[in-house]
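In: just a sequence and a predicted model for now, questions to come.
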Amino acid sequence: MKRGFAIVDRFKDAQLSLPSRATQHAAGYDFAAAEDFELPSIWRLNFIKILWQIWQQKSPSADDLAAGQAVLKPYLVPTGIKAYMQDDEVLILANRSSNPLKRSLILPNGIGVIDADYVDNPQNEGEIFVQLLNFSLGTVKIKKGDRIAQGIFMPFLLTDSDQTAKKQARVGGFGSSGN
């Protein structure tokens, strides 16, 4: 098998659909939420307090900064899906074009990179999660089956010296290949 999708074991009985392309010429495979998920707004609680202090040219405390930063963290929305591909391919996760305009949702890292060796890793079986931030004024309710991102398989190239550089084997799941 060259490339494709499968449902991870923890969602095997959840009647999930595998990602698919919406039109004949679409590049992206639509990923959907595996379960209902509430995504809180970033414009809440301590974040506003910090912005106010900064606007007033005051120095927020370390505790206030930490609490404000905690509100700004992205949430990981589970898809229940894993992807397999060739060693010289990558799955790029991109935001759906309607998410910012219609739902005020963004991928904070711009894109997600799913490496070929992420599948079936021991930590989370290679389940793909979509990082999202909600910049609307209220909580966004994502329903199971709502399309939240799109994935595009792409080949990638290596440098001439890549074969001589020492590499580690993947041993973990999300964010495990570096800091």
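Out: Done, it's in. What you see is a predicted model, and the numbers here were worked out from it, not measured in a lab.

In: what comes up buried for stretch 31-41?
Out: Buried residues in stretch 31-41, counted by 16 or more other C-beta atoms under 10 Å: Phe31, Ala32, Ala33, Ala34, Phe37, Leu39, Ser41. Backbone N, C-alpha and C define where each C-beta goes, glycine included.

In: kindly check the end-to-end length of it for me.
Out: 22 Å (C-alpha to C-alpha, to the nearest Å).

In: one step back: quick check, nearest of the buried residues of stretch 31-41 to Pro108?
Out: Leu39 (12.1 Å; C-beta to C-beta).

In: in what helix or strand does the residue sitting nearest the centre point of the chain lie?
Out: Central residue check for the chain by C-alpha atoms, centre = their mean: the C-alpha nearest the mean position is that of Val130, 2.4 Å away. Taking DSSP states H and E as the criterion, Val130 maps to strand 129-134.

In: off-centre distance for that strand?
Out: 5 Å (C-alpha atoms, centre = their mean, to the nearest Å).

In: same question for stretch 127-146.
Out: Mean C-alpha position of stretch 127-146 versus that of the full chain (C-alpha atoms, centre = their mean) differs by 10 Å.

In: ends of it, how far apart?
Out: 17 Å.
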